[in-house]
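>>> next one to model:
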Amino acid sequence: MDLGAREVLCAKRPVALTTLEFDILEMLMKAAGRVLTRDQIMEKLYDRSVGPFDRSIDLHVSHLRKKLGPEVQRIKTVRGNGYQFIRAASN
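Residues are numbered from 1 along each chain as shown. Alright, predicted model coming up:
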């Protein structure tokens, strides 16, 4: 992820993300290993709280996962809590 250029490469190929998808990925990567709730993500991106039937964050994360591809399964859903970016295993 190149924050300055707002570009993401996955397996050496560019990934076209919307502004919100990029911002969600950036938030998750910066908090790698920690769970971010939907409320935390929504407040940061939209400056408002999540409503009980608001699934927009889930939709953006779903699109983000599809664009990153099946080989990159790093965004984990923590049921009832939110999302977590899993750090790569270090050797």
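>>> alpha carbons only for contacts and neighbour counts from here, please
OK.
>>> now do S56 against P70, distance only.
As judged by CA to CA, to the nearest Å, S56 and P70 stand 22 Å apart.
>>> neighbour count for those two, which is higher?
S56 (12 against 9; other CA atoms under 10 Å).
>>> host element of the residue most central in space within the chain?
The centroid of the chain falls nearest to L25 when counting by CA atoms, centre = their mean (3.4 Å). L25 belongs to helix 19-30 when assigned by DSSP states H and E.
>>> likewise for L64?
Using DSSP H and E, L64 falls in helix 56-68.
>>> ok, the helix or strand that that helix is followed by: who's next to it in the sheet?
Next helix or strand after helix 56-68 toward the C-terminus (DSSP H and E): strand 75-78. Strands that pair with strand 75-78, judged by DSSP bridges, come out as strand 82-85 (antiparallel).
>>> R6 touches F22, doesn't it?
Yes: under the criterion of CA atoms under 8 Å, R6 makes contact with F22 at 7.5 Å.
>>> these two: which is more packed in?
Applying other CA under 10 Å to R6 and F22 shows that F22 carries more neighbours, namely 20 against 12.
>>> let me see the contact set for that one.
R6 (CA atoms under 8 Å, 6 or more residues apart in numbering).
>>> just L20 next, same as before
L20 neighbours (CA under 8 Å, 6+ apart): 45, 60.
>>> so G82 touches M42, yeah?
No: counting by CA under 8 Å, G82 stays clear of M42, with 11.0 Å between them.
>>> quick one: low-confidence ranges for this structure?
50, 52, 71, 89-91 (pLDDT under 70).
>>> switch to 90 and redo it
1-7, 9-13, 38-39, 42-57, 68-74, 80-81, 87-91 (pLDDT under 90).
>>> any idea how far stretch 40-49 is from the chain center?
13 Å (CA atoms, centre = their mean, to the nearest Å).
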